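[1] Fold the following, please.
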Amino acid sequence: MDDSVVIDNTGQSPVVMQFHDYREKSIPLESRAIQKIHGKRSITELQRRKGMDLRLAVLVGIGGAIGAMARYALQQWLPADTLPWGTITANLVGSLLLGILLGAVAAGATIADDIVLLFGTGVLGAFTTMSAFAVDSIRLAESDASSTLIMITTTILGSIALAWVGWRFSTSIIA
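    Below you'll find the predicted structure:
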């Protein structure tokens, strides 16, 4: 099976790039899901469809606003007495949901690109938060090193584990 994609951005001789099968473990999960959606297409076509489409950018922005407001509400609702539970919960739940979404796409579920961008990149991208996690870690480290270690370990390992659980769940029920 030929996995090469021809890129012709100069009008002269085309450049050929090799791409691996989407199931190869060295390719990031989101990239595999995107490859599953698009199959073999030229890079310029994907850039034109994804990178230059104002409508898609607006969808991601709307999703981002929804995700950020949901995270803010969660942070206000959950107590931050000993640990920043809102940030921890947002990262854990968001990782699980993103794993479910991208696992479903990679398994062959018919989900429109618009929906993947709206919810995956927009809502869940803004709902989960590396910046708040980093600042919360710094603030907590100034007063309680052991709680900081618990928060960092729980968030990082828990997010990875839950993304994997979501991915496996989707691929097992769809495949």
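[2] residue boundaries of the strands in the chain?
    4-7, 15-18 (DSSP state E).
[3] what's the least confident stretch among the ones you listed?
    Among the strands of the chain, strand 15-18 has the lowest mean pLDDT, at a mean of 40.
[4] what pLDDT, on average, does the longest helix belonging to the chain get?
    Looking only at the chain and at elements set by DSSP state H, the helix with the highest residue count is helix 145-174. Mean per-residue pLDDT for helix 145-174: 97.
[5] Quick check: buried residues in that helix?
    Of the residues in helix 145-174, 148, 151-152, 155, 159, 162-163, 166-167, 170-171 count as buried by neighbour count, 16 or more other CB atoms under 10 Å. Every residue, glycine included, has its C-beta placed from N, CA and C.
[6] For Ile111, state which of those is nearest.
    The shortest approach to Ile111 among the buried residues of helix 145-174 belongs to Ser170, at 10.4 Å (CB to CB).
[7] so who does the closest one touch?
    The neighbours of Ser170, taking CB atoms under 8 Å, 6 or more residues apart in numbering as the test, are 99-104, 106-107, 109.
[8] any chance you could map the helices in the chain?
    Taking DSSP H as the criterion, the chain carries its helices at 29-38, 43-46, 54-77, 85-106, 113-115, 125-127, 130-141, 145-174.
[9] Could you tell me the least trusted of those?
    In terms of average pLDDT, helix 43-46 trails the rest of these, at a mean of 50.
[10] Let me see the domain layout of this protein.
    Using automatic domain parsing, the domain parsing of the chain gives 1-52, 53-174.
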